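1. A predicted structure for the sequence below; I have some questions about it.
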Amino acid sequence: MNIYYDPTQKVFHLINGQISYVIGILRNGHLGHFYFGKALHTNEAMNQSQFREDQNRGLTNYVYEGDMGFSLNIEKLEMPCFGSTDYRAPAIDVQMESGSSIIDFIYEDHNIYAGKKKLEGLPSTRYEDGQDVMTLEIKMIDPVMGSLLILSYSIFRDYPVIARNSRLIHQKSSSIRLKRLMSLSLDLDDSEWEWVQLYGDWTRERHIGTSPLHHGIQSIGSLRGASSAAYNPFVALKRSSTTEENGEAIGISLVYSGNFLMQIEVDGDERARMLAGIHPQGFEWILNEGDVFQSPEALLAYVPNGLGALSRTFHDLFRSHLIAKRWRNAPRPVLLNNWEATYFDFNEQKILDLAHGAKELGIELLVLDDGWFGTRNDDTSGLGDWTVNLTKIPSGIKKLSHDIVESGIAFGLWIEPEMINKKSDLYYSHPDWVIGDPDRRMSHGRNQFVLDYSRPEVVDGIFEQLIRVFDGSAITYIKWDMNRNITEAFGRGLCAEKQGELMHRYILGVYNLYERMIERYPNILFESCSAGGGRFDPGMLYYAPQAWTSDNTDAVERLKIQYGTSLVYPLVSMGSHVSDIPNHQVLRQTSLKMRSDVAIFGTFGYELNILKLSNEEKNEVTQQIEDFKSQRELIHKGDFYRLISPFNGGGNQTAWMVVAKDGSQAVVAWYQILARPNDRTTRLKLHGLDEESFYEVSGYEYPLSGRYLMHLGLLIRPSFNGIEHSGDVTGDYQSRLWTIKK
Ligand code: DGJ
């Protein structure tokens, strides 16, 4: 890994064993983008003429008199700005006091160093493991505006990834209005790519959608104040021939949890410009002399070998550089969450009974969900009052938590610190802490409103309340929920000029509370949640190493949700529970086996009244937990391979597997939703094994070679072929698991 600079050619080359990223200073001082893809040679000549050609395009506008070979509209650019000869969407938009929005940032100097800096107030990939990251910072200046723009590029030794961010520093006495500052702009040579996005809704999060690029702009984003279930801040670009195992793919992931925009523009020359960053809609930030605006970090990955490799790149990067060190190797506890077991209808004894029952089954953590505080007996009241409800929990949280821990199981607690119900003491004392325009009606969402986290006093107030609960309690896990999005985005703590800052300041306030909580309780494991998976993004993962994947706990629905989520996020980050039947979201009845076979591909836990299980079911659950514990390290640290997509071919089957990094063991799962009459035997080809080794496969009498398993595959016999019954699980909603050991 290295970053080279050729001062005569003014070319930068960021390279590791897998990728090269080449940029250069164009003749007007702007930064040109030359190449991103498979690693070039380290001795590659860096002549600009090798990467870009002056083209006399006759009719276009051009930068210098008489120099028709140089027009920004046909250059590939690193931080395109509007106002000169580039008419495509810009990455930066600023208005000066004069009213002018013409921008012209010119290269000033640069700095190359080992490591990477933490972004002030924002989550970003971490540097703490020695010399495995290098950074190039390029300083650009617009003297008329009086501002510096610092473009930062970090390259990781072990990953085909560049981390980018932009920082604007204003240095002039007249103020500027920043209207857009993208974290990343990437100009691609051609538009022969397909756009792969994760879209959805509540209980249908992160389904995979693929479409070809077309002329003009296509985009995803959020204006909800959270990254949202509608679109995830991730896009992959792939060739139409790219599969899970072969072909080029580029992934762009934004380390941010608020309003975002990801867009691609295909121009008449069939080039494509990708932009990713904070959504400019409603955004405006005023910078006075000395003020700095820092963009979130964007991650850019390139692989030549398929979407599976792209996913494994993000999984590894997130596990090694995003998730906090404290949790990287810590086994994630098997938990029981009381939500779907009791909803709001619980008392201290019920919780103790669940804890004791859970302990008997081998569960390691009891999570007390919504309803333990204030006057919270349903979702109309209590949010904002973080004091224990003594009617429900007469001993208080401190004593309850210690009692539970003494009984041999850890204790975790649910909070929703960004929200407030009108029926709460907090609303009575601070009605103005709510986001909303006092001159207008406030829209509703789950009977609650959003607290204005752009105001430090609001964050302080909630922090003070929370620490009164957590100090001295035996709590080792927090589920941090967030159940509605922002509407009527108006902050009463901000003056008229600064209303455009609200949404970003809100999420900075959320990050700030996370920082303070983590600093005070370094041993608490956080799980983020937003009405299920409505804020499942890298920004959250930086603070909360796991996220509740979806409120939909149905095993069949979870196939799509977990499969889609795995496009970017590692299994160790996906909250996944076995719940009751009929399932509470879709009323489907699936076997206990299938529910567990799906849920083990995540952090794993249970969310049902375990006390009502029959003895037979309890034995099955005990076995499931024992089996999971023996595979936990493999599932959480191994390489994930998607084998059959629920988004293809009618979606009746899904299969995936996890292989240990050293290829020594694996676990494979196959699922079928509806039984097929007169079905045939098929084969499931595996991946990631060692071709030359032999493996013991559960259910097989003789060891099988890696070659056999990968090129011939496991046999999938129908459970019933019209004549014979295989004795395996029957009918609809089937799942099969194989364990494989060298
Ligand atoms: C939404 C979450 O996703 C659920 O798991 C549960 O915690 C409820 N909120 C509680 O109100």
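-> Yep, it's here.
2. Please work out the average pLDDT along the host helix or strand of E515.
-> Taking DSSP states H and E as the definition, one finds E515 inside helix 502-520. On average, the pLDDT along helix 502-520 is 98.
3. Then stretch 559-569?
-> For stretch 559-569, the per-residue pLDDT values average out at 98.
4. Spell out the secondary structure type for the residue in the chain that the ligand sits nearest to.
-> Per CB to the nearest ligand atom, D370 is where the chain lies closest to the ligand, at 3.5 Å. In short, each C-beta sits where N, CA and C put it, glycine included. Using DSSP: H, G, I helix; E, B strand; the rest coil as the criterion, the local structure at D370 reads coil.
5. what about it, how many neighbours?
-> Counted with other CB atoms under 10 Å, residues neighbouring D370 total 21.
6. about what we covered before: tell me which residues of the helix holding E515 are tucked away?
-> Judged by neighbour count using 16 or more other CB atoms under 10 Å, the buried positions of helix 502-520 are 502-514, 517-518.
7. And for stretch 686-696?
-> Neighbour-count burial for stretch 686-696 flags 686-690, 695 (criterion: 16+ other CB under 10 Å).
8. Stretch 15-25 too?
-> Within stretch 15-25, the residues scored as buried using 16+ other CB under 10 Å are 15-16, 18-25.
9. Report the rounded mean pLDDT for it.
-> When pLDDT is averaged over stretch 15-25, the result is 97.
10. what's the answer for stretch 443-455, then?
-> Over the span of stretch 443-455, the pLDDT mean works out to 97.
11. Out of the buried residues of stretch 686-696, which are close to the ligand?
-> Among the buried residues of stretch 686-696, proximity to the ligand is found for none (CB under 6 Å from any ligand atom).
12. among those, which two are most distant?
-> When CB to CB is used, the two most widely separated members of the buried residues of stretch 686-696 are H687 and Y695, lying 13.2 Å apart.
13. okay, N61: pLDDT?
-> 88.
14. just use 400 as the starting number from now, easier for me
-> Okay, residue one is now 400; in that scheme the one you just asked about reads as N460.
15. Look up the closest residue to it, ignoring the ones flanking it.
-> For N460, ignoring the flanking residues on the chain, the nearest one in space by CB to CB, 6 or more residues apart in numbering is T484 at 4.4 Å.
16. ok, now S627?
-> Spatial nearest neighbour of S627, excluding adjacent residues (CB to CB, 6+ apart): S621 at 4.3 Å.
17. I figured that neighbour was touching N631, is that so?
-> No: in this structure, S621 is not within contact of N631 by CB atoms under 8 Å, at 9.2 Å.
18. Of these two, which one has the most company?
-> Between S621 and N631, counting by other CB under 10 Å, N631 is the more crowded of the two (30 against 27).
19. For that one, give me the pLDDT.
-> Looking at N631, its pLDDT reads 98.
20. That one belongs to a strand?
-> Yes: using three-state DSSP, the secondary structure at N631 is a strand.
21. quick one: contacts for it?
-> When contacts are counted by CB atoms under 8 Å, 6 or more residues apart in numbering, N631 is found next to 596-598, 605, 935-936, 967.
22. where does R718 land in three-state SS?
-> In terms of secondary structure, R718 is helix; the call rests on three-state DSSP.
23. ok, back up a step: neighbour-wise, which of the contacts of N631 leads?
-> If you rank those by neighbour count (other CB under 10 Å), F935 sits at the top with 34 neighbours.
24. surely it meets L966?
-> No: in this structure F935 lies outside contact range of L966 using CB under 8 Å: 11.6 Å.
25. and for those two, which residues touch both?
-> Residues touching both F935 and L966 comprise R605, with contact defined as CB under 8 Å, 6+ apart.
26. got the residues of this protein near the ligand?
-> When proximity is defined as CB under 6 Å from any ligand atom, the chain approaches the ligand at 738, 768-769, 813, 880, 882, 928, 930-931, 947, 950.
27. Which of the residues you listed fall within helices?
-> Assigned to helices by DSSP state H, the following of these qualify: W738.
28. Generate JSON lines for the residues of the chain next to the ligand, with pLDDT as supplementary columns.
-> Rendered in JSON lines, the data for the residues of the chain next to the ligand read as follows (pLDDT from 0 to 100):
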{"residue": "W738", "pLDDT": "98"}
{"residue": "D768", "pLDDT": "98"}
{"residue": "D769", "pLDDT": "98"}
{"residue": "W813", "pLDDT": "98"}
{"residue": "D880", "pLDDT": "98"}
{"residue": "N882", "pLDDT": "98"}
{"residue": "C928", "pLDDT": "98"}
{"residue": "A930", "pLDDT": "98"}
{"residue": "G931", "pLDDT": "97"}
{"residue": "W947", "pLDDT": "98"}
{"residue": "D950", "pLDDT": "98"}
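29. among the residues of the chain next to the ligand, which ones are buried?
-> If you count burial by 16+ other CB under 10 Å, the buried members of these come out as 738, 768-769, 813, 880, 882, 928, 930-931, 947, 950.
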